[in-house]
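Enquirer: need coordinates for the below:
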Amino acid sequence: MSYYACIGFPVREGREVERLAEEAVRLGSPAGGDSALGLRYWPLGRGVELWAEVGPQREALGVLPFYDSGRDHLLSVVAWGADPDHPEEGWVEAWVNPSQPQEPYSGEFPLVCDLVNFLAASPFLESLPQPVWARIAVFLHEAWLFPEERAVAEAAEKVGMRLPPYTVASTAHLSLDEPPDRDRPEATALLSGRLVRVFREENPYTGQPFLVLAVDTGKVTLDAVAPVDLLLDPREGMLFQGGGWVLAKISGRA
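Expert: Next up is the predicted model:
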């Protein structure tokens, strides 16, 4: 499964990603109105976005998908960096919803996110910790539904998920086999909570449907997207567990 399918792009091979990147460069607008930044933003509608990096000859260097739910989160960024292989892309490590923005460990949980607008956001991340406002979307690659909390515990061994209900666990903070000086922490997470909103959306460009889920993880509601065939008949009120790629878009300092 391609992560692009989480927002209705039926991508199956690298050439299709390249075509999407080229379309985003052609049809997108310079991020922040600055064409020299090398970042193009293409909002297709219904929350679907593509963010493309542009080279000096206006060639497409890459493209990242995003889903904007309109939900803002307060993050306290404690680390950030560029991808060692693709310096036009990057990541942040942050604590979500800190009660004291300059004290990151007052937040609910840590999360590593890949930034779709890394080139635009990185200039004001020099001083850490840095409180920022951001939109977050989890692109799911695995998910399970349960009717009640007891069923979560009974199924834990079968499906391999051992999170208690109402938990978010950044896999970058769970891994025991990655060295502490790794260049690129993995921007993935495991979610456990209750579905408070579920609907099918349609990609305006391809006409393909996809799922949009709002997951109450306790004190924070996170938005996730997935192909329609990942979950069978998800409904509001069901308990949910899943894992996916965490993407964020920083809108500015808090």
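
Enquirer: all strands for the stretch 101-250 of the chain, in order.
Expert: Assigned by DSSP state E, counting those that start in this stretch, the strands in the stretch 101-250 of the chain fall at 110-115, 130-146, 167-170, 188-202, 209-216, 221-226, 239-253.

Enquirer: just send these back as CSV, with distance to Gly90 and mean pLDDT too.
Expert: C-beta here means a position set from N, CA and C on the backbone, and glycine is covered the same way. Formatted as CSV, the strands of the stretch 101-250 of the chain follow (distance: least, C-beta to C-beta, whole Å; pLDDT from 0 to 100):
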stretch, distance to Gly90, mean pLDDT
strand 110-115, 6, 96
strand 130-146, 14, 95
strand 167-170, 17, 93
strand 188-202, 16, 96
strand 209-216, 26, 98
strand 221-226, 21, 98
strand 239-253, 11, 95
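
Enquirer: which of those sits most buried?
Expert: For the strands of the stretch 101-250 of the chain, the largest average neighbour count (mean count of other C-beta atoms under 10 Å) is found in strand 110-115, namely a mean of 24.

Enquirer: out of the strands of the stretch 101-250 of the chain, which is closest to Gly70?
Expert: strand 130-146 (7.5 Å; C-beta to C-beta).

Enquirer: turn the strands of the stretch 101-250 of the chain into JSON lines, columns for distance to Val77.
Expert: Formatted as JSON lines, the strands of the stretch 101-250 of the chain follow (distance: least, C-beta to C-beta, whole Å):
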{"stretch": "strand 110-115", "distance to Val77": "9"}
{"stretch": "strand 130-146", "distance to Val77": "5"}
{"stretch": "strand 167-170", "distance to Val77": "14"}
{"stretch": "strand 188-202", "distance to Val77": "16"}
{"stretch": "strand 209-216", "distance to Val77": "23"}
{"stretch": "strand 221-226", "distance to Val77": "17"}
{"stretch": "strand 239-253", "distance to Val77": "8"}
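
Enquirer: to Gly55, which of those lies closest?
Expert: strand 110-115 (18.9 Å).

Enquirer: which helix runs longest in the protein?
Expert: The residue-count maximum for a helix in the chain (DSSP state H) belongs to helix 14-27.

Enquirer: can you list contacts of it?
Expert: Contacts of helix 14-27 with the rest of the structure, by C-beta atoms under 8 Å, 6 or more residues apart in numbering, involve 4, 9, 11, 40, 42, 50-52, 54, 58-63.

Enquirer: so which of the strands of the stretch 101-250 of the chain comes closest to Asp68?
Expert: Of the strands of the stretch 101-250 of the chain, nearest to Asp68 by C-beta to C-beta is strand 130-146, at 5.4 Å.

Enquirer: direction included, what does that closest one pair against?
Expert: Within its sheet, strand 130-146 is paired with strand 73-82 (antiparallel), strand 221-226 (parallel), strand 239-253 (antiparallel), according to DSSP bridges.

Enquirer: give me the buried subset of the contacts of helix 14-27.
Expert: Restricting the contacts of helix 14-27 to buried positions leaves 4, 9, 11, 40, 42, 50-52, 54, 60-63, with burial counted as 16 or more other C-beta atoms under 10 Å.

Enquirer: which regions of the stretch 51-200 of the chain sit below the pLDDT cut-off?
Expert: 149-162, 174-182 (pLDDT under 70).

Enquirer: ok, 90 please
Expert: 55-58, 84-88, 100-102, 105, 122-124, 126, 146-165, 171-184 (pLDDT under 90).

Enquirer: what residues does Val138 make contact with?
Expert: 189, 191, 222-225, 242, 244-247 are the contacts of Val138 under C-beta under 8 Å, 6+ apart.

Enquirer: the same query, at a cut-off of 7 Å, please.
Expert: 189, 191, 222, 224, 244, 246 (C-beta atoms under 7 Å, 6 or more residues apart in numbering).

Enquirer: and of those residues, the nearest to Gly81?
Expert: Val246 (15.4 Å).
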